[in-house]
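**Student:** here is my input, please return the structure:
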Amino acid sequence: MMLATPQLVYQNPVYPKYFADPFVWKHDGKYYAVGTGPLGTVQDIVTELDMTNREIRGEQCAIPLLSSDDMSRWKFLGGALRVKPQLLGGAFWAPEVAYDGEYFYLYYSTATIGLLHQLRVAKSKTPEGPFEDVGLLIGATDECPFAIDAHPFQDDDGQWYLFYARDFLDVTDKIRAGTALVVDKLVGMTQLAGAEKTVLRARNDWQIFKRQREMYGHIWDWHTLEGPFVQKHDGRYYCFYSGGCYENDTYGVDYGVADHILGPYTDEGNETGPRVMKSMPGKVIGPGHNSIVKGPDDETDFLVYHAWDTEMKARRMCIDKLEWTDKGPRCAGPTWTTQELTLQPGIVAAA
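**Tutor:** Below you'll find the model as predicted:
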């Protein structure tokens, strides 16, 4: 006799502490998450470690790491990244993890005093780390002084690519100055091919980060597209991203779509605002910087994202179902009430 499919419930946020830019992946039936800490610094993680059973062992760790058996209840494991001495005191943002069948690779950005954010990579034999830094993916140059939000993606032929966000200063009647999205091939997981291609540029008013912002010695109306995450669906490539200002209710999730991994991508149709998910005034502010993972039934796509509490004290990790409609991907959230989370048939929901 077939066992009925049990139900587990969740309510956002699924993790009560500060956990921005969440990336979730599933390995051997278990979920793991990495994200940006309260300030993204080493000390934040050390403070959190005092409340866990993982020993610091005299080392400095950064980037909070969580685990879960069901994607609803999460446990803090400690700092994922063992920090090199020259990076101590830096900020660590927006990590993501890729697995090539042998190693887990942690892609992240960091900035130390006097330097802008640049992309680095670390690796580990296990998903729980500690991840050991391998080195820079992109160092500061005049062409790319600032880079964040690395997203590794493997295509059907096995080739890996890295999507990320960087600054652009050129302006035309169709594109605007600010942070936007690019892609490059990965070589051996720890190097870029050096053939960067533009994915999407800001072109709409809702994507404004700040007007009259001083950047690079000039004043700009600064726009932002960030947090790329690529999902292939029905033969097309969907590059999800977050646009606007993460500090207020303009922030939301939209996407561009292409027939080839390297583009060209188009996000036409979003002229009035983000289409996948946006703020719900008085309930959820600034939902965004998403990743996508299969739910416990191994069939349903879930959007994992951060959102502010209504008092704007912290960004916390949330999950909601992603729906693929004839108009494109749409999220069932953001939600703030109890929701059902379907488990695999025969699995008993824990009390």
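**Student:** all contacts plus neighbour counts: C-alpha atoms, from now on.
**Tutor:** Fine.
**Student:** how far out from the middle of the chain is the strand ranked longest in the chain?
**Tutor:** The longest strand of the chain (DSSP state E) is strand 218-233. Centroid displacement of strand 218-233 relative to its chain, using Cα atoms, centre = their mean, to the nearest Å, is 12 Å.
**Student:** what about the helices in the stretch 251-351 of the chain?
**Tutor:** Counting by DSSP state H, counting those that start in this stretch, no segments of the stretch 251-351 of the chain form helices.
**Student:** low-scoring stretches of it, by residue?
**Tutor:** Along the stretch 251-351 of the chain, segments meeting pLDDT under 70 span 344-351.
**Student:** how about a cut-off of 80?
**Tutor:** Along the stretch 251-351 of the chain, the parts satisfying pLDDT under 80 run over 342-351.
**Student:** which stretches of it form strands?
**Tutor:** Using DSSP state E, counting those that start in this stretch, the strands assigned to the stretch 251-351 of the chain run over residues 252-258, 285-294, 301-308, 315-325, 328-331, 339-342.
**Student:** send the alpha carbons of the third one over as PDB?
**Tutor:** To tie it back to what came earlier, the one meant is strand 301-308. The C-alpha coordinates for strand 301-308 follow below in PDB (Å, rounded to 0.1, in the frame of the first residue of the first chain):
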ATOM      1  CA  ASP A 301      11.300  24.500  -7.900                       C
ATOM      2  CA  PHE A 302      11.800  26.900  -5.000                       C
ATOM      3  CA  LEU A 303      13.000  30.400  -5.100                       C
ATOM      4  CA  VAL A 304      15.300  31.100  -2.100                       C
ATOM      5  CA  TYR A 305      15.800  34.800  -1.300                       C
ATOM      6  CA  HIS A 306      16.300  37.300   1.400                       C
ATOM      7  CA  ALA A 307      13.900  40.000   2.500                       C
ATOM      8  CA  TRP A 308      13.800  42.700   5.200                       C
END
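**Student:** other SSEs contacting it?
**Tutor:** strand 20-27, strand 285-294, strand 315-325 (3 or more Cα pairs under 8 Å, 6 or more residues apart in numbering; DSSP states H and E).
**Student:** hey, which of these is tucked in deepest?
**Tutor:** strand 285-294 (a mean of 26; mean count of other Cα atoms under 10 Å).
**Student:** thought R166 was touching A147, still the case?
**Tutor:** Yes: contact criterion Cα atoms under 8 Å: A147 and R166 qualify, at 4.5 Å.
**Student:** one step back: same list (the helices and strands packed on strand 301-308) but as TSV, adding distance to W220.
**Tutor:** Conversion of these to TSV gives the following (distance: least, Cα to Cα, whole Å):
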stretch	distance to W220
strand 20-27	26
strand 285-294	23
strand 315-325	27
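**Student:** closest one to D155 among these?
**Tutor:** strand 285-294 (15.6 Å; Cα to Cα).
**Student:** how many residues are close by P281?
**Tutor:** P281 has 10 neighbouring residues, counting by other Cα atoms under 10 Å.
**Student:** what's around D309, how many residues?
**Tutor:** D309 has 16 nearby residues by other Cα under 10 Å.
**Student:** ok, it - contacts?
**Tutor:** Listed by Cα atoms under 8 Å, 6 or more residues apart in numbering, the contact set of D309 reads 283-285, 315-316.
**Student:** what of G288?
**Tutor:** 21, 241-242, 246, 251-253, 277-278, 305-307.
**Student:** tell me which helix or strand in the protein has the weakest average pLDDT.
**Tutor:** helix 42-49 (a mean of 53; mean pLDDT, DSSP states H and E).
**Student:** quick check: what element follows that helix along the chain?
**Tutor:** As assigned by DSSP states H and E, the chain's next helix or strand after helix 42-49 is strand 61-68.
**Student:** show the average pLDDT along that following strand.
**Tutor:** Strand 61-68 shows a mean pLDDT of 94.
**Student:** helix or strand right after it?
**Tutor:** That would be, after strand 61-68 and using DSSP H and E, strand 75-82.
**Student:** angle of that following strand against strand 61-68?
**Tutor:** Here strand 75-82 points in a direction 150 degrees away from that of strand 61-68 (axes from the mean of the first three to the mean of the last three Cα atoms, to 10 degrees).
**Student:** start at 55 instead
**Tutor:** Okay, using 55 as the starting number, the last item reads as strand 129-136.
**Student:** list the buried residues for strand 129-136?
**Tutor:** Within strand 129-136, the residues scored as buried using 16 or more other Cα atoms under 10 Å are 130-136.
**Student:** figure out how far that strand is from the centre of its chain.
**Tutor:** That offset, for strand 129-136, works out to 17 Å (Cα atoms, centre = their mean).
**Student:** which neighbouring elements make contact with that strand?
**Tutor:** Using 3+ Cα pairs under 8 Å, 6+ apart, strand 129-136 sits against helix 96-103, strand 115-122, strand 185-192.
**Student:** is V358 in a bridge, and if so with what?
**Tutor:** S345, I373 (DSSP bridges).
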